[in-house]
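Participant: Below is the sequence, then the predicted model.
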Amino acid sequence: TEIKESDAMLKNYGGCIKCCAWSESGALLCTGSTDNTLRVWRVTQKGCDLVNVLRGHKGWVLCCSFSPTDETLVASGSSDGSVRLWRVESGETVTRMTPDRKRGLAAAASAPKEVLCCSFHPQGELLCTGGDDKRVRLWRVSDGACVRVLQGHKGSVNGCAFQR
């Protein structure tokens, strides 16, 4: 059977959806919202079933991305300036990535107010983020360390992607 428009509605949402991302297999959809949550949905021919609501951000969720090598892992960026890695089934925050001098580059110490985009490297070992501070950051997924800060943009970084 095909999904009808009415069957594919994401119901009972507490805010406006700001972002969405598909898992590599296409079986899961993640959405981020102005209610500060991520929701993960299982998509089938019959419709969309809520898998979990991920709570922890203190601001709107502005971006999300599934790991291409482990679809139980999703990243999110928020208007609270943080990046989080989550386990889909448990809802657990695996890592909260914030620029600081203890876990990576000293130049990363000035955090953006808003994380506007995020994207996993195709091998799943790095996460790229961009924000309103005109910087792109590369994070090591295994320990949450900021390994590179790219500067020089004249405005907010609203999109980032790795070539596959």
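Facilitator: Structure's in. What do you need?

Participant: burial measure for the residue nearest to Lys58 when sequence neighbours are not counted, as a count.
Facilitator: Nearest non-adjacent residue to Lys58, counting by CB to CB, 6 or more residues apart in numbering: Asp80, 4.2 Å away. C-beta coordinates here come from the backbone N, C-alpha and C atoms, glycine included. Residues lying near Asp80 (other CB atoms under 10 Å) number 20.

Participant: What separation do you get for Gly26 and Leu73?
Facilitator: Going from Gly26 to Leu73 by CB to CB, to the nearest Å gives 16 Å.

Participant: Check Cys118 too.
Facilitator: Cys118 sits 12 Å away from Leu73, going by CB to CB.

Participant: which residues sit in contact with Val51?
Facilitator: Neighbouring residues of Val51 by CB atoms under 8 Å, 6 or more residues apart in numbering: Leu28, Val40, Trp41, Arg42, Val88, Glu89.

Participant: Ser119 pairs with what?
Facilitator: Bridge pairing for Ser119 (DSSP bridges) gives the partners Cys128.

Participant: what about the closest residue to Ser25 other than its chain neighbours, helix or strand, and which?
Facilitator: In space, and not counting its chain neighbours, Ser25 is closest to Glu71: 6.1 Å by CB to CB, 6+ apart. Counting by DSSP states H and E, no helix or strand carries Glu71.

Participant: How about Cys63?
Facilitator: strand 61-66.

Participant: the inter-axis angle of the following helix or strand past that strand versus strand 61-66?
Facilitator: Of the helices and strands lying after strand 61-66 in sequence (DSSP H and E), the nearest is strand 73-78. Here the directions of strand 73-78 and strand 61-66 differ by 160 degrees (axes from the mean of the first three to the mean of the last three CA atoms, to 10 degrees).

Participant: Can you tell me the strand partners of strand 73-78 and which way each runs?
Facilitator: strand 61-66 (antiparallel), strand 83-87 (antiparallel).
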